[in-house]
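> here are the coordinates; sequence isn't available:
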C-alpha cells in the first residue's frame, strides 16, 4: 500500500472562488461521456506523461472522485506516497470509498487549491486533471503558486485540461482561457521548462513544468 501523510484532514465546505462540484456520483458518468468511454485511457496517459515512478510522492490537485490518484498509487507502489485534494466533501468521500475498496492508502483531503495544507517541498510530482477551467484567472495564479510551493526542488507539474477554441466544449460554456493560455502563469509562478501539447482527445491538452533543482 502507499504510505499516507500524517496531517489532519480538512472538514466541511472550504471557502473558494473556484467552481465546486457536489454531485460526485454523476461526475463519474460525466467524465465517461466526455471522454467517449475512454476515461481510463486519459488517466493512464496522464500518469505516463507525468513520468510517475515507484517510490515517488505525488499530489493530485482537484482529485474529484479519486480515479487518477488511484492510478498514480498503483504506479508509485508501496514505497510511494499519494495525496489528493478537492474542495468538494462529496468528491472526497467517494474517493476514499474507492481507495478503501482497492486496499490503497491515499491521503484524500477536503481543501481548496489556494490553501494547501501540505508543508513546503512535500512532493516530487503534482498532477491536476480537468480542474483549471473551473478557476477564475486570479485563482489559477494562486493555485500555481501553492503547487510550486509544495513541490520539491526539481519537482514537476502536469496539468490536463480543455483547450480554448471557437467551439463549445461538451457540457461546458465556451472558454475564454484555455490550457494553451496558461504557460505564462506557470512561468510567473516560478516553473521552468514549461511546454504544452495536445492531448489524446481533440478538446484537451497537457501542460507541464518543472521547479528549479
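Great, that's in hand. If you're wondering where the values come from, they're calculated on a predicted model, not measured in any experiment.
> Is the most centrally placed residue in the chain bridged to anything, and to what?
By CA atoms, centre = their mean, the chain has its centre lying nearest to residue 128, at 1.9 Å. Taking DSSP bridges, one obtains residue 159 as the residues bridged to residue 128.
> Next up, the contacts around it.
Listed by CB atoms under 8 Å, 6 or more residues apart in numbering, the contact set of residue 128 reads 60, 61, 62, 147, 157, 158, 159, 160, 161. C-beta here means a position set from N, CA and C on the backbone, and glycine is covered the same way.
> which one of those residues is nearest residue 83?
Residue 83 lies nearest to residue 60 out of the contacts of residue 128, by CB to CB, at 7.2 Å.
> Now do the contacts for that closest one.
66, 68, 69, 72, 82, 83, 84, 85, 126, 127, 128, 129.
> mind running it again at 6 Å?
68, 69, 84, 127 (CB atoms under 6 Å, 6 or more residues apart in numbering).
> could you pull out the strands for the protein?
For the chain, strands defined by DSSP state E occupy the ranges 57-61, 81-86, 107-110, 123-129, 151-162, 192-198, 204-210.
> OK, contacts around residue 210?
Residues counted as contacts of residue 210 (CB under 6 Å, 6+ apart) are 156, 192, 193.
> nearest to residue 117, of the strands of the chain?
If you check each of the strands of the chain against residue 117 by CB to CB, strand 107-110 wins as the nearest, at 6.5 Å.
> Mean pLDDT and distance to residue 43 added to the strands of the chain, as TSV?
Converted to TSV, those look like this (pLDDT from 0 to 100; distance: least, CB to CB, whole Å):
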stretch	mean pLDDT	distance to residue 43
strand 57-61	98	10
strand 81-86	97	13
strand 107-110	97	16
strand 123-129	97	8
strand 151-162	96	10
strand 192-198	95	17
strand 204-210	95	12
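> deepest of those, which one?
Comparing the strands of the chain by mean neighbour count (mean count of other CB atoms under 10 Å), strand 81-86 comes out on top with a mean of 28.
> Counting by contacts, list what that one packs against.
strand 57-61, helix 67-76, strand 107-110 (3 or more CB pairs under 6 Å, 6 or more residues apart in numbering; DSSP states H and E).
> Just put these in JSON lines and tack on distance to residue 179.
What follows is those, written out as JSON lines (distance: least, CB to CB, whole Å):
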{"stretch": "strand 57-61", "distance to residue 179": "15"}
{"stretch": "helix 67-76", "distance to residue 179": "16"}
{"stretch": "strand 107-110", "distance to residue 179": "25"}
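> and residue 184, which of the ones you listed is closest to it?
Short answer: strand 57-61, nearest of the helices and strands packed on strand 81-86 by CB to CB, at 19.3 Å.
> ok so, going back, would you reformat the contacts of residue 128 as JSON lines and include distance to residue 106?
Formatted as JSON lines, the contacts of residue 128 follow (distance: CB to CB, whole Å):
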{"residue": "60", "distance to residue 106": "9"}
{"residue": "61", "distance to residue 106": "14"}
{"residue": "62", "distance to residue 106": "15"}
{"residue": "147", "distance to residue 106": "18"}
{"residue": "157", "distance to residue 106": "19"}
{"residue": "158", "distance to residue 106": "18"}
{"residue": "159", "distance to residue 106": "20"}
{"residue": "160", "distance to residue 106": "19"}
{"residue": "161", "distance to residue 106": "22"}
